[in-house]
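Peer 1: requesting a structural model of the entry that follows:
(chains A, B and C)
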Amino acid sequence: MTSQRLMAFGLRFYVVVFFLYLFLPLLVMAAATFNDSRFPTVTPWDGTTLKWFGELAADSGMWQALANSAIVAVGVLCLAVPIGIATALFLNTVSSRAKPFLYALILSPLLTPGVIIGISTLIFWRQLGVSGGIFLTVLGQATFIAAYVMLMVTARLQRFDRTMERAALDLGASQWQMFRRILLPYLKPAIYSAAVIAFLQSFENYNTTLFVVGYDTTLTVYIASKVRTGLTPAVNALGLILILVTVVLAVAYEVKRRRETARSVKGV
Amino acid sequence: MDGSVRLEEVVMRFGDFTAIEKTSLTIGSGEFFSFLGPSGCGKTTLLNMISGFLTPSEGQVLIGGEAMGKVSVNRRPTAMIFQNLALFPLMTVFENIEFGLEVRGVDKRTRREASERLLALVALEGSGPKMVTELSGGQKQRVAIARALAVEPRVLLLDEPLSALDLKLRQHMRAELKAIQRKTGITFIYITHDQGEALTMSDRVAVMSAGRIQQVADPMTLYRSPATGFVAAFVGENNRIRATVIDAEGERVRLDAGSLGELAGRAVGEPRLHNGDSAVLFVRPEHLRPVGEDVSGPRFQATIEAVHFEGAWVMLETRLEAFGELLRVQLGHEVSRQYTDALAVGQRMAFGYDPADAVVLPDDGSPMVDEATGEMVETEQRTKRAGDSHA
Amino acid sequence: MLRQLRERFGGPLAVAILSLLGFWLILMVTLPQLQMIDYSLRPNLLPAQQGGPEDGWTLANYATLFANDIHRSIFFKTLWSSVLVTLLTLAVSYPLGWYLAKVATPRQAALCILLLIIPFWINEILRTYSWFIILSFSGPLNEVLMMLGLIDRPIRFLSGDGGVLIGMVYAYILFMVFPVYNAIESLDDNQVRAARDLGAGTIRTHWRIVIPHAKPGIATGCIMTFMLAAGSYAVPSLLGSPGSRWFTQIIYNWFFEGGNWNQGAAYAFLLLVLCIGFMSLVMKIFKVGLGDIAK
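Peer 2: From the prediction side, this is the model:
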């Protein structure tokens, strides 16, 4: 009995340590933002300051990179979400001997290292005379983000009761009306979730982007170059802002998702 | 408006499995018609051919005299009520009912008037703005009916719609469905495995087994004069006794049942029986009654093995002394009170019946009821096969 | 395939679905990969020489790796380090997955999952960067260790592979925790109780009941973590030193510093083969299929 209780206590202790490990680095980085030191650190503490936010705001390169990231993310959204939905519908509808092969091909971008997706995109489009830049970044990122969208849409589609489709047709709807009025509204929550995830994935992507971005710069590429070259706590200020934005988004998204789950459970 | 449905030599195959053997049938306009059979018998397949979800491998379906071969699901003058109802969960009651009109491009005011009228018909006034997920089981049922009626179908197809309801509600909805059918005059085609539903609501019933229609008749005829062994065993309860025909002349057939002696019953089936044929005598439990030593005529000497008191009647499970077979006897209130002392496990009793109540059918090897479980032996195997090829 | 789609969605929608799928699978997935392989099999030529007599398929680019000791050792180091990262991540994640799935109350689990998701939403670069601050020579970790008297002079954490390993475990841990958690969660509580009831200890219960059940999740986590680790560019470039280069960095250099794309393509393809090999191995060891991996 005591050994089991010890085990349970040990597990709880471990969980606490784990979450400290998870959050401490982020706290350290956030704290370093306010340190009046030329280098990003918390030791020694040279006094509290907000000047790094000012310096960040004055950094035009950062603003350009941020704008590029936003453009790329919107482009990825417009490409990956329709592809992901179409693929999910395809997998849900078709039964064929070629399906296992196609399924493996569809999943392959998820299991391929990001650098390789970047490299193959870069090489392929160079043959067609397109060189690295925002356009290729969108294509490269959408290649694997579409697969994430597919997984999320498929998860919901699998729970769809297809009698609903039959009922719509039986009541006189055309297949398009059925899709517009029944299937699409049903998939909407999953599509929104997938869009949010796709946007964030695009925004934070580095490995693929690095190879296809050319002379343009996205925010992550910009941060990485800052970290390696002119390192000042202004990077921390940017990091802190991004963390706060993502935390707010993450919490909002989770709360919304849970509310929806609770509602759908009640509905059934 | 002609709501008649004709099946002309339709056959349905899935791969090498034949779900529906060649079938022809006419259902009259305004009739309440049921297909009754165990699951896997092909009744859902038939319904799907009428609604247009399936195209028959051979033959054709006519609705109102019009061939439906080229008419797709969404253009047929039918509407279906699904087993799980298939209400659209993200829509209100109004939106559900008006969906069929909406996709036909009917304007909003006309739609709303129609749905208000239908909600009144199914006694759900005022529920229009609710989400369907807020409704009770019975209310959902009514919305499903209203939604199907909204498109003014000539034929309403009902796929075991009451099976999800509890017993009380189910019985109530039977009466209601029948009333709605009478009020609207629409042809109702109802499929069910529940004989109670089929017998109480229908004008005519088709009993199905193994992809074949066994008998089409009104409920009374079905019960009193089953045409095949399957119908006799599936509709209501029946005891079966195998015997050899010794006199097949006339209505009354005489049988030789070996050590049980001579038995008699009505011949109803086709083909006609001949002397020397092996046949089965069907006697319903409620037609058996205790008889004294002195009474002449067919009698079964049996030992009581179990007594089930059911309130309005008593069901006895007895063992035939001559055959060792099970004989179920249902005694009404009056009789059971008269024999109170004798109704105990281990008691011996003799039972007799009026030959006018018993039916003699050829021993066609049709599916027999398993004594221990009361299930259709052969049908069950078939269900499995059908399940494989449909899914 | 078109027929089934048309029956369900009608002609125009079926065509749209197939077009999108075809565009993606052909122009974005398959052809670029094939082009990369084709590239890796050709010599690096000046534009004028292309199509000339020297332009043919050759394995020369692959031979480079085996001829170059440094590149070869980096390749194998990347392999072993990625395996190590995978095992470390599994060891760290398993107890947490177990806790979330079977020990925590539903409210605790929900809170923990939210807490887990938050860092996951934050940029890999930023997560790695925060370790850069912690591990730096005059950073807080050294300060704390010195204050505690455990060391008397700061350690250069960032000069070897240690920093890279720590950063990778941190960066990819969620790709392990979630599949493991999902897999353990689907285990029937009664199985664990039955095992306990039959006298199995904690370790035996996990070894015989929980881990076999969680196999698909563990396999998924391992495959994802290995792939991310072996293919990582951000972590080694931020936390590594010139002496602890990662294979991805060599590939990058071929492309953007050496200017030999053909050579880079060959190396990239080798990296892909490595990941596919690891994946097949894991799927074989754990006896799981592709269908189990995409939850």
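Peer 1: so where's chain C uncertain?
Peer 2: Within chain C, the ranges that satisfy pLDDT under 70 run C:46-48, C:51-54, C:292-295.
Peer 1: now do the strands in it.
Peer 2: Using DSSP state E, no strands are found in chain C.
Peer 1: find the centremost residue of it, please.
Peer 2: For chain C, residue C:228 is the residue whose C-alpha lies nearest the centre (Cα atoms, centre = their mean; 2.0 Å).
Peer 1: quick one, helices of the stretch 101-250 of chain C?
Peer 2: Counting by DSSP state H, counting those that start in this stretch, the stretch 101-250 of chain C has these helices, from start to end: C:106-121, C:124-135, C:140-147, C:162-185, C:189-197, C:202-205, C:211-230, C:234-239, C:247-256.
Peer 1: got it, and chain B?
Peer 2: In chain order, chain B shows helices spanning B:43-51, B:93-102, B:108-121, B:137-150, B:167-184, B:195-201, B:219-224, B:229-234, B:333-338, B:377-390, with DSSP state H as the criterion.
Peer 1: most packed of those?
Peer 2: Ranked by mean neighbour count under mean count of other Cβ atoms under 10 Å in any protein chain shown, these are led by helix B:229-234, which reaches a mean of 26. To be clear about C-beta, it is placed using only N, CA and C from the backbone, and glycine gets the same treatment.
Peer 1: for the record, mean pLDDT for that helix?
Peer 2: Averaging the model's pLDDT scores along helix B:229-234 yields 84.
Peer 1: what packs against it?
Peer 2: Using 3 or more Cβ pairs under 8 Å, 6 or more residues apart in numbering or on different chains; DSSP states H and E as the contact criterion, the elements in contact with helix B:229-234 are strand B:204-209, strand B:212-217, strand B:239-247, strand B:278-283, strand B:359-362.
Peer 1: and the residue in chain C positioned nearest to chain A, what does it touch?
Peer 2: When distances are taken as Cβ to the nearest Cβ, chain C reaches nearest to chain A at residue C:231, 2.4 Å away. Contact partners of residue C:231, counting by Cβ atoms under 8 Å, 6 or more residues apart in numbering or on different chains, are A:112, A:113, A:114, A:115, A:116, A:207, C:248, C:271, C:275.
Peer 1: which residue, other than its chain neighbours, is closest to it?
Peer 2: The shortest distance from residue C:231 to any residue that is not its chain neighbour, by Cβ to Cβ, 6 or more residues apart in numbering or on different chains, is 2.4 Å, and that residue is residue A:113.
Peer 1: dump the residue contacts of that neighbour.
Peer 2: For residue A:113, the contact set (Cβ under 8 Å, 6+ apart) comprises A:207, C:227, C:228, C:230, C:231, C:248, C:271, C:272, C:275.
Peer 1: swap in 10 Å and give it another go.
Peer 2: With contact taken as Cβ atoms under 10 Å, 6 or more residues apart in numbering or on different chains, residue A:113 is in contact with A:119, A:144, A:207-208, C:226-233, C:248, C:251, C:268, C:271-272, C:274-275.
Peer 1: likewise residue B:224?
Peer 2: The contact partners of residue B:224, by Cβ under 10 Å, 6+ apart, come to B:217, B:236, B:266, B:268, B:284, B:357, B:359.
Peer 1: okay, those residues in CSV with distance to residue B:9 and neighbour count next?
Peer 2: Output for those, formatted as CSV (distance: Cβ to Cβ, whole Å; neighbours: other Cβ atoms under 10 Å in any protein chain shown):
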residue, distance to residue B:9, neighbour count
B:217, 21, 18
B:236, 31, 17
B:266, 32, 19
B:268, 26, 18
B:284, 35, 20
B:357, 37, 15
B:359, 30, 25
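Peer 1: mind telling me the two of these farthest from one another?
Peer 2: When Cβ to Cβ is used, the two most widely separated members of the contacts of residue B:224 are B:217 and B:357, lying 17.6 Å apart.
Peer 1: need the three-state assignment for residue A:224.
Peer 2: The three-state label for residue A:224, taken from DSSP: H, G, I helix; E, B strand; the rest coil, comes out as helix.
Peer 1: out of the helices and strands packed on helix B:229-234, which comes closest to chain A?
Peer 2: Nearest to chain A among these is strand B:204-209 (21.8 Å), distances taken as Cβ to the nearest Cβ.
Peer 1: so what's the residue count around the nearest residue to residue A:205 once chain neighbours are set aside?
Peer 2: Once its chain neighbours are removed from consideration, residue A:205 has its nearest residue in residue A:141; the separation is 5.4 Å (Cβ to Cβ, 6+ apart). Residue crowding around residue A:141 was assessed by other Cβ atoms under 10 Å in any protein chain shown; the count is 29.
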